[in-house]
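Novice: Pasted the sequence and its predicted model underneath.
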Amino acid sequence: MRRKWLLAVLLNVLIVSSADRESAGIQITAPEKAAVVRPGTLMKLKIGIPSGLPVAMVTYTLLEGDLALEEKVERPLSTASDMAPFEAEMLLPQEAVGSYRLLAVAQVKERRGFYILFDETFFQVSPEAPLLALRAESPVRFINTIGEVQILSVRGVYGDRIVRDLTSGSAGTVYRSSNEAVVRVNGDGRAQAVGMGTAEITAQNQGKEDKIRAVVEVRDTENRPPVADAGPDQTVRQGTRVRLDAIASADPEGENPSYYWSQVRGIPVDLLEPLSLRPYFTAPVVLRPHVLRFRLIVRDKEEAESFPAYVNVTVVP
């Protein structure tokens, strides 16, 4: 899987008792939280480390918004430093735009091996060049079943002659359907067939817009999509087993749907049985509260699909 490269950093480290550990965690100091950074920038990466903490290495990894690791087509940008003060540099791609998160993972020496500390910060990538136009792929056709979901494709043409992906709502794009009895769309650019017919989806960003013609001509008109419910947010202690719960999800036809869980925020954990109703994982060691976010998508036997549902798990010391 694509996430193995990062999980190896996090899970193949000896994690032992916290009795001898320092009482303070690490903290990303650059880039600052909610900073606005230009694409193509050689970004400085810095981390605050408590005095005397025996850090051996810090690995920095750049991830896009709430995109799950397994959704990455290419390996995310990553760099490491094994020399104090563990600063590094990372060149942001010219095509970058929207919300990004930087994950810092520190390996800390201990008598019997290492343990890990981490921090995460979010920042915005905003081109200096103006957005000149939106270009959306059209038409979008639904041919299988009511409840079929397709991910739209919206690109932005900028004044620096670079075309950037603006499909996600984190890049500032908002969507509107002309007829939600035919097709509806969420903020992530996922369109779902609701009824037979034709509708027009409008994508807007920074005053620019484009139209997407959505055509629903499905073979199965009686099916209805399942509904995802990822359960209530949880607060748990480090080191405990945590169960996610999709029991409140439903399929209108009463069939047994399939469940697809993925992690979209926080230090990556080894989520076991991610295709089950109630997957589980072990909460990581933390020295202050940290939020892990998980996404649930439910799919029925006819391939109708729910919109995503999310749940936050706050891990505390």
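Specialist: Now that the structure is in, tell me what you want to look at.
Novice: so what pLDDT did residue 114 get?
Specialist: The pLDDT attached to residue 114 in the predicted structure is 85.
Novice: how many neighbours does it have?
Specialist: Residue 114 is flanked by 18 other residues according to other Cβ atoms under 10 Å. The C-beta positions use only the backbone N, C-alpha and C, and glycine is treated the same way.
Novice: Help me confirm that it comes into contact with residue 55.
Specialist: No: no contact is recorded between residue 114 and residue 55 when judged using Cβ atoms under 8 Å, the distance being 9.7 Å.
Novice: so what sits against both of those two?
Specialist: Common contacts of residue 114 and residue 55, defined by Cβ atoms under 8 Å, 6 or more residues apart in numbering, comprise 107-108.
Novice: measure the nearest residue to residue 282 once chain neighbours are set aside to residue 75 for me?
Specialist: Across the structure, with Cβ to Cβ, 6 or more residues apart in numbering as the measure, the residue nearest residue 282 apart from its sequence neighbours is residue 241 (5.9 Å). With the distance defined as Cβ to Cβ, to the nearest Å, residue 241 ends up 30 Å from residue 75.
Novice: Over to residue 238?
Specialist: Computed as Cβ to Cβ, the residue 238 to residue 75 distance reads 29 Å.
Novice: More neighbours: the two, which one.
Specialist: More neighbours sit around residue 238 than around the other of residue 238 and residue 75, counting by other Cβ under 10 Å; the figures are 16 against 11.
Novice: Test my guess that residue 281 contacts residue 270.
Specialist: Yes: judged on Cβ under 8 Å, residue 281 makes contact with residue 270 at a distance of 6.0 Å.
Novice: More neighbours: which of those two?
Specialist: Taking neighbours as other Cβ under 10 Å, residue 281 and residue 270 compare with residue 281 leading, 22 against 14.
Novice: Would you state the helices of this protein in chain order?
Specialist: Listed in chain order, the helices found in the chain under DSSP state H are 4-11.
Novice: Apart from its neighbours in sequence, what residue is nearest the residue nearest the centre of it?
Specialist: Central residue check for the chain by Cα atoms, centre = their mean: the C-alpha nearest the mean position is that of residue 66, 2.1 Å away. Excluding the flanking residues, the one nearest residue 66 by Cβ to Cβ, 6+ apart is residue 264, at 4.2 Å.
Novice: So that neighbour sits against residue 292, correct?
Specialist: No: shown here, residue 264 and residue 292 do not form a contact pair, counting by Cβ under 8 Å, at 9.2 Å.
Novice: Mind checking which of those two has more residues around it?
Specialist: Regarding residue 264 and residue 292, a neighbour count based on other Cβ under 10 Å identifies residue 292 as having more, with 25 against 18.
Novice: How many neighbouring residues does the closest residue to that one other than its chain neighbours have?
Specialist: Closest residue to residue 292 apart from its sequence neighbours, by Cβ to Cβ, 6+ apart: residue 266 at 3.5 Å. Residue neighbour count, defined by other Cβ under 10 Å, stands at 21 for residue 266.
Novice: Can you pull out the low-pLDDT segments for this protein?
Specialist: Along the chain, the model assigns pLDDT under 70 to residues 1-24, 67-74.
Novice: Swap in 80 and give it another go.
Specialist: 1-25, 65-75, 285, 287-288 (pLDDT under 80).
Novice: Now do the domain split for it, please.
Specialist: Per automatic domain parsing, the domain ranges recorded for the chain read 4-125, 131-216, 234-316.
Novice: Just the buried residues of stretch 220-238, please?
Specialist: By neighbour count, and taking 16 or more other Cβ atoms under 10 Å as the criterion, the buried residues in stretch 220-238 are 223, 225-226, 228-231, 234, 238.
Novice: distance between the ends of that stretch?
Specialist: Separation of the first and last residues of stretch 220-238 by Cα to Cα, to the nearest Å is 47 Å.
Novice: now stretch 274-292
Specialist: Terminal residues of stretch 274-292 lie 15 Å apart, using Cα to Cα.
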